[in-house]
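Chemist: Quick one, fold the following:
(3 chains)
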Amino acid sequence: MADGSPTHEPRHLISYPRFLLRSLSIATDGSFAFYAWMTALTAVALVGANAWANQVTQGMITTGMTDHVSWGLYIANFTFFVGVAAGGVMMVIPAYLYHDEEMHDVVIVGELLAIAAIVVCLLFVTVDLGRPDRFWHLIPGLGRFNFPVSMLTWDVIVLNVYLLLNLHVCGYLLYMRFLGKPPNPRWYVPFVMLSIVWAISIHTVTAFLYCGLGGRPFWNSAVLAPRFLASAFVSGPAFIIVTMLALRRFAGIRIPTGPIQTLVRIIRVTILISLLMLVSEIFTEFYSGGAHTASARYLFLGLHGHDALVPWIWTAVAMTVLAAVLFLTPAALKQRRILILACILAFVGGWIEKGMGLIIPGFVPSTLHEIVEYTPSLVEWKISAGIWAFGLMVYTIALKFAIPVLQRARSDEG
Amino acid sequence: MNEEKPTLEAGSKTGDVSRRNALKGIGATLGATAFAAAISPLRNLAKDVSPEEFFQKHYQELDDDEKTRVIERLEAEARSEYGAEVQIRDHRPIPGTRFVYAINLSLCNGNGKCVEACHQENNHDRATNQSYIRVLEMPNGTMDMEQGNTTYDHAVPAKGKFYLPVQCQQCDEPPCTDVCPVQATWKEDDGIVVVDYNWCIGCRYCEAACPYHARRFNWEKPVVPADDVNPDQGYLSNRIRPQGVVEKCHFCLHRTREGRLPACLEACPTGARVFGNILDPDSDIRWILENKRVFVLKEELGTKPSFFYFFDK
Amino acid sequence: MLRFGLILFGMIVVAAVLGSMVGADSADSGEPAPPTADLTAPAHQHPVEIRRPSRVSGVSTGQVDAQGHLVTVACATCHSLLGKPEPQTLELTSVEYHSFEFAHGNLTCNSCHDPEAPLQLRFADGNPVAEEDLIDLCSQCHGPQRTDFDHGAHGGMTGYWDLSRGPRTRNHCVSCHAPHAPAIPQIRPTFKPKDRFLSPSPSPSPSPKEETAAGGSSH
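Modeler: Numbers count the residues shown, from 1 in each chain, chains lettered A, B, ... in the order given. Purely as a prediction, here's the structure:
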């Protein structure tokens, strides 16, 4: 339909909506398994939506949070998924910076993951608000945006811009495929480069949310932001590897092994850096001792008989160490099952460590050194599951319309 | 799905597509209906939040007429929801005042009357005994709060203990106001850090930032029987707070900005509490800062509290 | 009421101590100015009133008044302290007499009471104490506390911090300290936080699942 001549504005006005409509149509076509998967996710998401509506109406008394532990599962998940979003960019760096041709095929998998993860992040922040009806107070121009003093406003900016960047890059590439035109590098390469820098910024700013708080010694550590990044570049690629293997297995999509190998090599390095930083943190806390280490003692050893997080953190440490060992054993990784296991271990280990293991001990003991433990309530689990399900829906649909066209375009070219 | 190779290019088997589209339409309708049903509890919220409340501007942007209308609305809400006749006023700082508080830890015996007075004065939730003040029972010989205990329940003063009441320190460098993404909390000219309860979005970042556990969140709508409601209220202080917003000690500004002493001080039977205007060179508080060896909590954090502590002996 | 007539130290101190407490010309701690009505205070300043002590400790009659307070009577209601026993031999330090507890350091009755006229209080130098100067009697030994009192750092108060807007009422020494047993007794705090994490028994952490269920259902 497109003939390669420079496009005129009116044509976009017609063809762009058609592109969207067509995409929607393709994205919602599928096998029985696809519909079953989407129906299941919808059901979980609806349970979450209902739980959230109840939480908003009845108040956050329905959560397990208190004035002592005032952030919980939501902010823990938010923090982790910022990392996943940032980790998505690890597909982009080899593809565009090092011109890894094979990576180009699947780079969209990472960018779409970033989009889905950012959506998840924004939802987790929203459900953590006591007054979501006042959301507009956060909109610059309408409300009172406390920029640049509040790090939360920085986070709002970097997350939304990252979302827009990825939407633009993915949308542009797909639209050009739709038009049957080769994408013009001028319209996406600068944005890809920007998104690489931006991916680092989203996780750095998110770390600054916590490490800028002088009253919370557990977070008030310079290594927090680099640690966030290192763990993000483990969990993001781990998720993408599993996704690609799943696409190959369940959707029959041709996935070259090259990109998977590249990601494995990346994880091999980042998981070690991540562990190194964890060890540095633990050493600093425990060797020097003192009142500032109370949170770390609570997390790893238990404090005055309170030890709810101890089994969790040691599980996370064990998972991460085991994953590191597996990633460093190339022979074992050749078996796909082992690779998947290693990825899942790294992902879940990171989720525990950077979620509950990072957020909760910041509040235990409290700033008056009272020890109040936190356990998420059923409502919190429902809402979190609902958001995960919604994120997976977004990711599935996005992959659904992105992958086939790219595959096809590739085969056309080839 | 394996078999199909859907393409983005337009045009394909029309009959199949239309049947499919019809099914998709049904699915989408079902999904939307289910979603509407799932979030139906929000209707209750919509009933509670009037359009005037929803669109209410930030306190600092309200003009006098708007403030009057807002206050009338809030008083009407107190009447309809709590059955209480209340007077809400908008107290502004007295020019030339800067409030400072000090506590004599040699006198404080941990009786908790201040905690209770705060509870009653500030229309706190009854069931939780909510209060802006927490009193730590500390063993002599340490300032390590980890060894403190707020839930002591025995005759006081206990041997070998001293008592450390903590409330908002009204810092000169308040970390809580810095982190607020919507400027719902700020420090006023007389040193009091206030919250606009109708602007706060309830993110609780300030609660995480405060090093003194001074902030409280309304996890649910506070319950106060009509007879117990303190009708003498201020917009930025003790009016009954909505659900889902953060609140904190405001040095009883509805009293102190009228020249009165804060409720916690009046309730203190030991006279451990001293309150006043640090800009007045003849004030009691000034004498204490000049003649007692006062200290502040967590000085190393650089928050510069307006709240001092001292020992006599 | 008869009771009021019987109370030993029913002194009335309605003295403004502005001069020593809020005035710029505050007395130095060694020689506190007597708390008399301060005529030098600026006209717009409201007074600081010292709470009038309504009752002081005496001997219990074993009866309770309408408010549930123990009715006490002054020693001199029944006993003449004149002559016998000899004042010098009345070395009360910490004794219990008709359940009257005396625990005030090494003082004796005559440290403060004139043996010739027990209702009359006297300074250590023998000069009589006027009712409104009672705080000075205490200040003979409790100088630092007096200094703190004069600067609002000792003794409870109510009213206005800003005396240009309203008056202030201050506690008297004997509002809190019984003159014969001045140590403040232990009391039980009645108002404690009841945060929801405190309400269930503080048994060491049950399994996460149980706690979740409890937290969800109890509210």
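
Chemist: Show me the longest helix that occurs in chain A.
Modeler: As assigned by DSSP state H, the longest helix anywhere in chain A is helix A:378-413.

Chemist: Pull out the buried positions in that helix.
Modeler: For helix A:378-413, the neighbour count (16 or more other C-beta atoms under 10 Å in any protein chain shown) marks A:378-384, A:386-409 as buried. Every residue, glycine included, has its C-beta placed from N, CA and C.

Chemist: Mind giving me the packing neighbours of it?
Modeler: Packing partners of helix A:378-413 (3 or more C-beta pairs under 8 Å, 6 or more residues apart in numbering or on different chains; DSSP states H and E): helix A:9-27, helix A:32-58, helix A:73-87, helix A:101-128, helix A:151-179, helix A:224-250, helix C:208-218.

Chemist: can we see that at 6 Å?
Modeler: The contact analysis (3 or more C-beta pairs under 6 Å, 6 or more residues apart in numbering or on different chains; DSSP states H and E) places helix A:378-413 against helix A:9-27, helix A:32-58, helix A:73-87, helix A:101-128, helix A:151-179.

Chemist: nearest to C:Phe191, of these?
Modeler: Nearest of these to C:Phe191, taken as C-beta to C-beta: helix A:32-58 at 27.2 Å.

Chemist: and among the helices and strands packed on helix A:378-413, the most buried is which?
Modeler: By mean neighbour count, with neighbours taken as mean count of other C-beta atoms under 10 Å in any protein chain shown, helix A:73-87 ranks first of those at a mean of 27.

Chemist: After that one, which helix or strand is next? Please name it.
Modeler: Sequence-wise, the next helix or strand downstream of helix A:73-87 (DSSP states H and E) is helix A:92.

Chemist: for that following helix, what is the average pLDDT?
Modeler: Averaged across helix A:92, pLDDT comes to 85.

Chemist: Likewise for stretch B:118-130?
Modeler: Stretch B:118-130 carries an average pLDDT of 94.

Chemist: what does stretch B:220-229 give?
Modeler: Per-residue pLDDT values over stretch B:220-229 give a mean of 95.

Chemist: likewise stretch B:73-81?
Modeler: The average pLDDT within stretch B:73-81 is 95.

Chemist: One more: stretch A:248-261?
Modeler: Mean predicted lDDT for stretch A:248-261 stands at 86.

Chemist: so how far does that stretch reach from one end to the other?
Modeler: 15 Å (C-alpha to C-alpha, to the nearest Å).

Chemist: circling back to that earlier point, mind putting the helices and strands packed on helix A:378-413 into a markdown table with distance to A:Thr320?
Modeler: A markdown table is the format used below for those (distance: least, C-beta to C-beta, whole Å):
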| stretch | distance to A:Thr320 |
| --- | --- |
| helix A:9-27 | 35 |
| helix A:32-58 | 27 |
| helix A:73-87 | 14 |
| helix A:101-128 | 20 |
| helix A:151-179 | 26 |
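
Chemist: of all the ones you listed, which lies closest to chain C?
Modeler: Proximity to chain C (C-beta to the nearest C-beta) singles out helix A:32-58 among the helices and strands packed on helix A:378-413, at 8.5 Å.

Chemist: which secondary structure elements does that closest one contact?
Modeler: helix A:378-413, helix B:14-38, helix B:42-48.

Chemist: A:Phe147 should be in a strand, yeah?
Modeler: No - A:Phe147: not assigned to a strand; according to DSSP: H, G, I helix; E, B strand; the rest coil it is coil.

Chemist: how about the strands in the stretch 201-350 of chain A?
Modeler: Counting by DSSP state E, counting those that start in this stretch, the stretch 201-350 of chain A has no strands to list.

Chemist: Quick check: which ranges of chain C have low pLDDT?
Modeler: Applying pLDDT under 70 to chain C picks out residues C:1-43, C:53-101, C:196-219.

Chemist: Up against chain B, what does it have?
Modeler: Within chain C, the positions near chain B by C-beta under 6 Å from any C-beta of the partner chain are C:24, C:151-156, C:158, C:160-162, C:165-166, C:186-189, C:191, C:193-194.

Chemist: Are any of these buried, and if so which?
Modeler: Buried members of those, scored by 16+ other C-beta under 10 Å, are C:151-156, C:158, C:160-162, C:189, C:191, C:193.

Chemist: would you turn those into CSV with distance to B:Gln170 and secondary structure?
Modeler: Converted to CSV, these look like this (distance: C-beta to C-beta, whole Å; DSSP: H, G, I helix; E, B strand; the rest coil):
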residue, distance to B:Gln170, secondary structure
C:His151, 22, coil
C:Gly152, 19, coil
C:Ala153, 19, coil
C:His154, 23, coil
C:Gly155, 24, coil
C:Gly156, 22, coil
C:Thr158, 22, strand
C:Tyr160, 20, strand
C:Trp161, 15, coil
C:Asp162, 18, coil
C:Pro189, 25, coil
C:Phe191, 23, coil
C:Pro193, 21, coil
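
Chemist: so which of those residues would you say is closest to A:Val44?
Modeler: When those are compared for distance to A:Val44 (C-beta to C-beta), C:Pro193 wins out at 37.7 Å.

Chemist: before we move on, what SS does the nearest residue to the closest one once chain neighbours are set aside have?
Modeler: Nearest in space to C:Pro193, with sequence neighbours left out and distances taken as C-beta to C-beta, 6 or more residues apart in numbering or on different chains, is B:Asn129 at 5.4 Å. What three-state DSSP gives for B:Asn129 is coil.
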